[in-house]
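A.B. asks: Please find the sequence and the predicted model below.
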Amino acid sequence: MDEKHQHQHQPQIMASPRRYRARELLLVIMCFFVGVHLWTHSAAVPFLPQQAAEFLAPTQEGSVNGLVPFEAHIISKCPDTRHALRNLILPVMQKIHDKVDFKLSYIGKPTANGGVDCKHGPSECIGNIIELCAHELYPDPKIYLGFVMCLTKDYPQIPDRTLIEDCALEHAIDFNKLNECAARDETAHGIELLRNSVQRSAEANVTISCTIRLNNEVYCIRDDDQWKDCPNGPGVNDLVLAIEKLYRSS
């Protein structure tokens, strides 16, 4: 059975010293379901202020300040996302993080009423929103990408509150701020972040997690536990060399 669709039982993660905050994240999850209902069954929540819209707006073609556009389109509860982050994206970022404009974007299906359908249901939508909030609060990839990788290691457990607390603590992310971002305006803010990110992936015609794009073009795809459509090779050195070449020519 494809692991993207059904996961085996995983042992529970040990509780962190900050377990007393579990009620806060439980409130986020409860509010999220209310928010999904409002977005899909009634009038859409008003758009966020302009700065929020700009945060996840598509970049223009070409480099930004001489940096090479480097993007991974993912979903939070996905074994191919875990493999691509662990075996390609993180090792590459360790080598050339100062030469790329890196982004994580999420894949889903925008609904007619302004909501989002996620491949693995509401729990994945919650995971996506939590990761987007980490990105918004801590835009340095060294922080938010590490946090996302921490969650992804145990992706079947997302959005388990103990997992999120432990990963936040490990990567110096303020759990209260993360919680506030996801719950802001009765979860309208988090849903809007996700809707904008999903729309970005849709505009790039990306539907498979994990799709890696370099310089706004598909570089390689990890799907069904294998690499596909990788004419330059799926290795770390292959991608580093491709980025170095684009950086020198920018």
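C.D. replies: Nice, I can see it.

A.B. asks: now the strands for this protein?
C.D. replies: Per DSSP state E, the chain carries strands over the ranges 68-74, 100-106, 109-110, 116-117, 211-214, 217-223, 226-228.

A.B. asks: any idea which of these is most buried?
C.D. replies: When you average the neighbours per residue for each of the strands of the chain (mean count of other Cβ atoms under 10 Å), strand 68-74 leads with a mean of 25. (Glycine included, C-beta is placed from N, CA and C.)

A.B. asks: Run through who's touching it.
C.D. replies: With contacts defined as Cβ atoms under 8 Å, 6 or more residues apart in numbering, strand 68-74 is touched by 59, 62-63, 81, 84-85, 89, 99-107, 201, 204, 206, 208-216, 243, 246-247, 250.

A.B. asks: Kindly report the same for stretch 125-137.
C.D. replies: Contacts of stretch 125-137 (Cβ under 8 Å, 6+ apart): 28-29, 32, 36, 55-56, 75-77, 104, 106, 108, 116, 118, 143-144, 147-148, 151, 155, 158-159, 164, 173-174, 177-178, 181-182, 187, 190-191, 193-194, 197.

A.B. asks: For the chain, name the helix or strand with the lowest mean pLDDT.
C.D. replies: Across the helices and strands of the chain, mean confidence by mean pLDDT, DSSP states H and E is lowest for helix 50-55: a mean of 32.

A.B. asks: Which of the contacts of stretch 125-137 are buried, as a ChimeraX select command?
C.D. replies: Per 16 or more other Cβ atoms under 10 Å, the buried members of the contacts of stretch 125-137 correspond to this ChimeraX selection:
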select :28,29,32,36,56,75,76,77,104,106,108,116,118,143,144,147,148,151,155,158,159,164,173,178,181,182,187,190,191,193,194,197
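
A.B. asks: just so I know, which of the strands of the chain lies nearest Tyr138?
C.D. replies: Nearest of the strands of the chain to Tyr138, taken as Cβ to Cβ: strand 100-106 at 12.4 Å.

A.B. asks: With just CA atoms, put that closest one into PDB.
C.D. replies: Only the C-alpha atoms of strand 100-106 are listed here, as PDB (Å, rounded to 0.1, in the frame of the first residue of the first chain):
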ATOM      1  CA  VAL A 100      19.700  30.600  -3.300                       C
ATOM      2  CA  ASP A 101      16.300  32.200  -2.600                       C
ATOM      3  CA  PHE A 102      14.700  29.200  -1.000                       C
ATOM      4  CA  LYS A 103      11.000  28.500  -0.500                       C
ATOM      5  CA  LEU A 104       8.800  25.700   0.700                       C
ATOM      6  CA  SER A 105       5.300  25.700  -1.000                       C
ATOM      7  CA  TYR A 106       2.500  23.400  -0.300                       C
END
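
A.B. asks: Could you check the angle it makes with strand 68-74?
C.D. replies: Between the axes of strand 100-106 and strand 68-74, defined by axes from the mean of the first three to the mean of the last three Cα atoms, to 10 degrees, the angle is 20 degrees.

A.B. asks: Contacts made by strand 100-106 with the rest, please.
C.D. replies: Against strand 100-106 from outside (Cβ under 8 Å, 6+ apart): 56, 59, 63-65, 67-76, 93, 128, 131-132, 135, 141, 144-145, 148, 194, 197-198, 200-201, 204, 206, 243, 247.
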